[in-house]
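Q: predicted model follows, preceded by the sequence.
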Amino acid sequence: AEPSLIRIEADEVTYNLHVMLRFEIEEALINGKVEVADLPGLWNTKIKEYLGIEVPDDAHGVLQDVHWSGGLFGYFPSYMLGNLYAAQFFATARQEIPDLDGQIAAGHLDMLREWQRSKIHQYGALYDPKDLVVRVTGKPLDYHYFMSEVKEKYSRIYGIVPSETK
């Protein structure tokens, strides 16, 4: 895991920071707090603040996504929400499916796929996401599941002792 300039190349630890950056810039632009001409400088400042890296040029900065040039605004937060929902759903699947990690490691995904079909997929758009997550997990959306997963995974990978998540 390491900071990168490009959102679609970001790791799962820093990806959501890219999303937050875009949301904050979109919000400021839409609310008239920033002008289009100020976007490159604002982008570069936020990348430095969030990820600690310098932007070499606008192609690797504010112009890297086609969303804004295509007039597509307001949905970057859905990318982060997807990550949060997935972590909470997966934590619940781990509780409900015996040795899920072992099954995945062995390439056996049938139990997880069936769990997803019965708990999530069969409902399609019948429930709003906030209601579906409660139906599946028994709790409202909680970012701590994502934080716990990332801390556990990367602590194991890098051999560090994680601090408390909550």
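A: Right, received. Where do you want to start?
Q: distance check, residue 158 against residue 87.
A: 19 Å (C-beta to C-beta, to the nearest Å). Just so you know, the C-beta spots here come from the backbone N, C-alpha and C atoms, and that holds for glycine as well.
Q: neighbour count winner among these two?
A: residue 87 (21 against 8; other C-beta atoms under 10 Å).
Q: the more buried one: which element?
A: In the assignment (DSSP states H and E), residue 87 maps to helix 76-96.
Q: show me what counts as buried in that helix.
A: For helix 76-96, the neighbour count (16 or more other C-beta atoms under 10 Å) marks 76, 80-81, 83-85, 87-93 as buried.
Q: how about those residues in TSV, adding pLDDT?
A: Formatted as TSV, those follow (pLDDT from 0 to 100):
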residue	pLDDT
76	89
80	94
81	95
83	95
84	97
85	97
87	97
88	98
89	98
90	98
91	97
92	98
93	98
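Q: just give me the closest of these to residue 38.
A: The closest of the buried residues of helix 76-96 to residue 38 turns out to be residue 76 (C-beta to C-beta; 18.9 Å).
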